[in-house]
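Enquirer: No sequence on hand, only this structure:
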Ligand code: NAP
């Protein structure tokens, strides 16, 4: 039951009605016996500052941040975690009792959880990263943080890819190449780890494929697609047929939420329950298509 003592959490974004986080977080909060409630909070584009100050002044203890505010919110923070600072994006905010707001990015830990769950070590590995958007930044920094030897980023816009590579050039061997470049074909066949961060193959366009020849991939490679609808993209299906170990985006989605839950409550949630709720919600959404 929500009372005057219930602690307030939420997710801001525009649009936000499709967010699965309220179902997942509220189920985990209830299961943990914690007196918190988590709501989807639609914030108008152009009204971020007043909305964030309003949440702080209304006594919220934290909130998630999603598209299109992950970068725009940075100047409103009193401090940033190392991961948020490195990738210049905030997806979770913790508000102290004094109103101090700290921006975190739990996508990095969420992304790495895919490898951790399977006991896959990243140190010394060569990686190929498909795409250079927001999720690619979290994946790139996560891979570098875990000691991969080299990362080749495949892009359709070389300028955008080069800018991303330059942001992390001090942290390791990172370069961007065009999907049309023969260096991209070589990087994909040499890679120990291939990470797919574009929307190619996502429901309802499930026949789309990123520009990678799966027949030329190393069967010993680990192939990670950040997409979670469908649970197995065509890219992952082909990689699995090639013999590769595959990881989908479900673990990342749940683990980033679990990490935010921990930041707000100091407790670890029931991750299996969160996964179950995610699958139920996705199945319900699929029925609605
Ligand atoms: P984003 O910032 O818009 O970046 C998308 C990237 O994909 C950009 O580099 C874009 O290229 C590239 N791209 C888009 N369409 C393409 C096409 N037709 N051909 C080649 N490249 C294309 O999006 P994002 O936030 O990073 O999200 C990307 C994907 O990751 C989505 O499917 C999202 O659902 C998934 N994701 C999953 C999780 C999770 O928890 N599992 C978390 C975040 C994101 P340009 O740079 O040239 O535009």
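Expert: Great, that's in hand. Just so we're clear, the structure is a prediction, and the values are computed from it rather than from any experiment. Residues are numbered from 1 along each chain as shown.

Enquirer: Around the ligand, pick out the residues from the chain.
Expert: Within the chain, the positions adjacent to the ligand are 107, 110, 131-136, 156-157, 160, 197-200, 202, 226-228, 249, 252-253, 256 by CB under 6 Å from any ligand atom. Placement of C-beta: from N, CA and C, glycine included.

Enquirer: please redo it, this time with the cut-off set to 5 Å
Expert: Taking CB under 5 Å from any ligand atom as the contact definition, the chain meets the ligand at 131-135, 156-157, 160, 198-199, 202, 226-227, 249, 252-253.

Enquirer: Specify which member of those is nearest to the ligand.
Expert: residue 133 (1.8 Å; CB to the nearest ligand atom).

Enquirer: okay, and the helix or strand of the chain with the least pLDDT?
Expert: Across the helices and strands of the chain, mean confidence by mean pLDDT, DSSP states H and E is lowest for helix 271-288: a mean of 88.

Enquirer: Buried residues, that one. List them.
Expert: Neighbour counts over helix 271-288 (16 or more other CB atoms under 10 Å) mark 271, 273, 274, 275, 277, 278, 281, 282 as buried.

Enquirer: mind listing what residue 66 touches?
Expert: Listed by CB atoms under 8 Å, 6 or more residues apart in numbering, the contact partners of residue 66 are 11, 12, 13, 16, 19, 91.

Enquirer: Just the buried ones among the residues of the chain next to the ligand, please.
Expert: Among the residues of the chain next to the ligand, those that count as buried by neighbour count (16+ other CB under 10 Å) are 131, 132, 134, 135, 160, 198, 202, 226, 227, 249, 252, 253.

Enquirer: can you list the residues you listed in JSON lines and add pLDDT and secondary structure?
Expert: As requested, those are exported to JSON lines (pLDDT from 0 to 100; DSSP: H, G, I helix; E, B strand; the rest coil):
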{"residue": "131", "pLDDT": "97", "secondary structure": "coil"}
{"residue": "132", "pLDDT": "96", "secondary structure": "coil"}
{"residue": "134", "pLDDT": "92", "secondary structure": "helix"}
{"residue": "135", "pLDDT": "95", "secondary structure": "helix"}
{"residue": "160", "pLDDT": "92", "secondary structure": "helix"}
{"residue": "198", "pLDDT": "97", "secondary structure": "coil"}
{"residue": "202", "pLDDT": "97", "secondary structure": "coil"}
{"residue": "226", "pLDDT": "98", "secondary structure": "coil"}
{"residue": "227", "pLDDT": "97", "secondary structure": "coil"}
{"residue": "249", "pLDDT": "97", "secondary structure": "coil"}
{"residue": "252", "pLDDT": "97", "secondary structure": "helix"}
{"residue": "253", "pLDDT": "96", "secondary structure": "helix"}
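
Enquirer: Taking those residues, tell me the two that lie furthest apart.
Expert: 160 and 253 (24.6 Å; CB to CB).

Enquirer: show me where pLDDT drops low in the stretch 101-250 of the chain?
Expert: Across the stretch 101-250 of the chain, nothing is flagged by pLDDT under 70.
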